[in-house]
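In: Quick one, structure for this:
(one chain, ligands or ions: 2)
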Amino acid sequence: MCKSPLHPLLTALPKYEHHVHLEGTLSPSLLFTLAAKNNISLPPSSPSPSSPDPPDPAFLSPATLSARYTSFSSLSDFLHYYYLAFRVLLTPADFESLTYSYLSHAARSANLRHAEVFFDPQGHTSRGVPISHVVDGFLAAAARIKAEFGLTATLTPCLLRDFSVEDGLSCLKEMISSGFYRDGKLIGLGLCGTEISKPPAMWKPIFDLAKHHGIHRTAHAGEEGPAAYVRAAVEEFGLERVDHGVRAAEEEEVVGFLVERGVMLTMCPVSNVALKGFASLGETPVRRFLDRGVRFSLNSDDPAYFGGYLQDVYCAVEEAFGLSAGEWETIARNAVEGSWCSQERKAELLDEVEKVLRGWTEKGE
Ligand code: ADE
Ligand code: ZN
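Out: Ligands and ions are numbered 1, 2, ... in the order given. Predicted coordinates for the structure are as follows:
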């Protein structure tokens with residue numbers, strides 16, 4: 001909870017999330033529960049039995065793991081723990097529990113109304129877990145969430161830059177030929193993992209294929225990479241959105257390019273600070289982007305790892321920048337406009353924004 005007089009507005013404001021990794025919502029306590037259920041040993045055993053690494057003490061208990069999650073030194077330090085945790089996710093029921101636990105929490109605590117959730121297909125197929133297990137579990141939970149909270153949720157695979165381009169291409173081909181896009185079970189394509197030494201041009205054939213099939217496209221860019229990386233990703237992939245994109249702020253010319261193209265950034269300021277991209281939240285370019293007219297939404301990224309669930313992200317931004325009610329309205333409206341949902345659903349979501357803001361103004365606040 002923030003100390004701002006706007007806190008009641010911030011809790012009531014309907015939220016739209018476009019950048020949350022399903023696997024990034026796996027809390028230490030659910031991780032230990034699923035490990036016990038699926039008979040998976042924690043800590044994970046050493047890759048080399050002849051010269052074993054000492055066991056990582058972070059895996060002693062949910063509490064020690066939570067404590068370790070407070071001190072990531074970089075994106076790659078975080079990704080090490082993030083990928084290790086995938087091994088406890090095996091069955092459709094596991095993915096259903098994970099999805100239900102995140103979305104129900106976000107609906108109650110943040111008034112989340114529409115979520116476009118990422119998952120990492122190659123992180124599962126490489127362990128022998130089929131994509132259909134993730135999709136079936138997610139959709140079962142999403143149907144319950146829609147019925148209970150009226151919250152709509154869709155699923156988008158993020159290919160991993162840590163795997164080869166060939167692997168990514170065959171993964172996308174498999175998702176297309178399995179009918180996941182045709183049936184509306186998946187709606188877009190993303191790209192995540194480290195940007196270091198992975199220039200956008202490498203992944204162009206993958207995004208060309210997605211474009212050919214009319215699939216929505218986004219990619220993590222400008223989290224680690226410079227402003228030029230963001231511009232190249234938008235141009236090479238024909239992106240509608242950029243995930244993070246914060247380093248674009250370093251080049252005025254790239255900021256102007258994003259405004260001109262109407263590209264929406266899915267910002268995750270709490271994640272950026274947790275992964276040491278910025279020393280404090282006040283240094284992230286929230287104010288700069290608002291003033292320059294860059295469209296963005298605010299997101300949690302991997303909330304179970306960064307200690308910032310969606311409501312915490314909104315409160316942290318308010319504490320750092322002291323935005324006005326009008327600026328929050330702009331953020332909410334841009335987030336709806338940048339969503340990958342029907343015009344009809346967008347109209348409903350915009351109505352909800354308007355009602356909350358009208359109520360706030362009428363109270364004279
Ligand atoms: N996968 C999950 N979270 C990520 C992040 N913040 N950056 C890149 N890849 C990710
Ligand atoms: Zn991300």
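In: Tell me how many other residues surround the nearest residue to residue 218 once chain neighbours are set aside.
Out: Excluding the flanking residues, the one nearest residue 218 by Cβ to Cβ, 6 or more residues apart in numbering is residue 241, at 4.1 Å. Backbone N, C-alpha and C define where each C-beta goes, glycine included. Residue 241 has 25 neighbours, counted by other Cβ atoms under 10 Å.
In: what about residue 241, distance to residue 314?
Out: Distance, residue 241 to residue 314, by Cβ to Cβ, to the nearest Å: 19 Å.
In: go on, residue 210?
Out: Separation of residue 210 from residue 314 (Cβ to Cβ): 31 Å.
In: For the residue of the stretch 51-200 of the chain at minimum distance from ligand 1, give the beta-bridge partners.
Out: Using Cβ to the nearest ligand atom, the closest approach of the stretch 51-200 of the chain to ligand 1 is made by residue 192 at 3.5 Å. As for beta bridges, residue 192 partners with residue 160 under DSSP bridges.
In: The chain: strands as residue ranges?
Out: Assigned by DSSP state E, the chain shows strands spanning 15-21, 112-119, 152-160, 188-192, 216-217, 220-221, 241-244, 264-267, 296-298.
In: picking up where we left off before, residues contacting the residue of the stretch 51-200 of the chain closest to ligand 1?
Out: Applying Cβ atoms under 8 Å, 6 or more residues apart in numbering, we find residue 192 in contact with 21, 118, 120, 158-161, 219-220, 243.
In: now do residue 333
Out: Going by Cβ under 8 Å, 6+ apart, residue 333 touches 350, 353.
In: Tell me, what's the model's pLDDT at it?
Out: Residue 333 carries a pLDDT score of 98 in this model.
In: now residue 362
Out: 89.
In: follow-up on the earlier one: residue 210 and residue 314: which is more packed in?
Out: Remark: of residue 210 and residue 314, residue 314 carries more neighbours, 27 against 22, as counted by other Cβ under 10 Å.
In: didn't the more buried one look like it was pressed against residue 9?
Out: No: using Cβ atoms under 8 Å, residue 314 makes no contact with residue 9, being 9.8 Å away.
In: what does the stretch 51-200 of the chain put close to ligand 1?
Out: Within the stretch 51-200 of the chain, the positions near ligand 1 by Cβ under 6 Å from any ligand atom are 75, 82, 192-193.
In: so who does the closest residue to residue 43 other than its chain neighbours touch?
Out: Once flanking residues are discounted, residue 43 sits nearest to residue 59: 3.5 Å by Cβ to Cβ, 6+ apart. For residue 59, the contacting residues are 42-44, 65, by Cβ under 8 Å, 6+ apart.
In: And residue 314, by the same measure?
Out: Residues counted as contacts of residue 314 (Cβ under 8 Å, 6+ apart) are 10, 13, 15, 110, 298.
In: how much space is there between it and residue 341?
Out: 21 Å.
In: Please list the residues of the stretch 201-350 of the chain that sit near ligand 1.
Out: Within the stretch 201-350 of the chain, the positions lying close to ligand 1 (Cβ under 6 Å from any ligand atom) are 220, 223, 271, 301-302.
In: got these as TSV, with neighbour count columns?
Out: Output for these, formatted as TSV (neighbours: other Cβ atoms under 10 Å):
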residue	neighbour count
220	27
223	23
271	26
301	30
302	26
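In: Among those residues, which ones are in helices?
Out: Judged by DSSP state H, those include residue 271 as members of helices.
In: Spatially, what comes nearest to residue 331 if we skip its sequence neighbours?
Out: residue 298 (6.5 Å).
In: Centroid-wise, who is the farthest residue in this structure?
Out: Ranked by distance from the centre of the chain (Cα atoms, centre = their mean), the top residue is residue 50, with 38.5 Å.
In: okay, it: pLDDT?
Out: For residue 50, pLDDT reads 78.
In: and the gap between residue 86 and residue 237?
Out: 26 Å.
In: on that earlier part again, right, and the strands of the chain - which one's nearest residue 2?
Out: Minimum separation from residue 2 across the strands of the chain (Cβ to Cβ) falls at strand 296-298, 13.4 Å.
In: which helices and strands does the closest one pack with?
Out: Where contact means 3 or more Cβ pairs under 8 Å, 6 or more residues apart in numbering; DSSP states H and E, strand 296-298 is packed against strand 15-21, strand 264-267, helix 310-321, helix 325-337.
In: what pairs with the second one, and is each one parallel or antiparallel?
Out: Using DSSP bridges, the neighbouring strands of strand 264-267 in the sheet come out as strand 241-244 (parallel), strand 296-298 (parallel).
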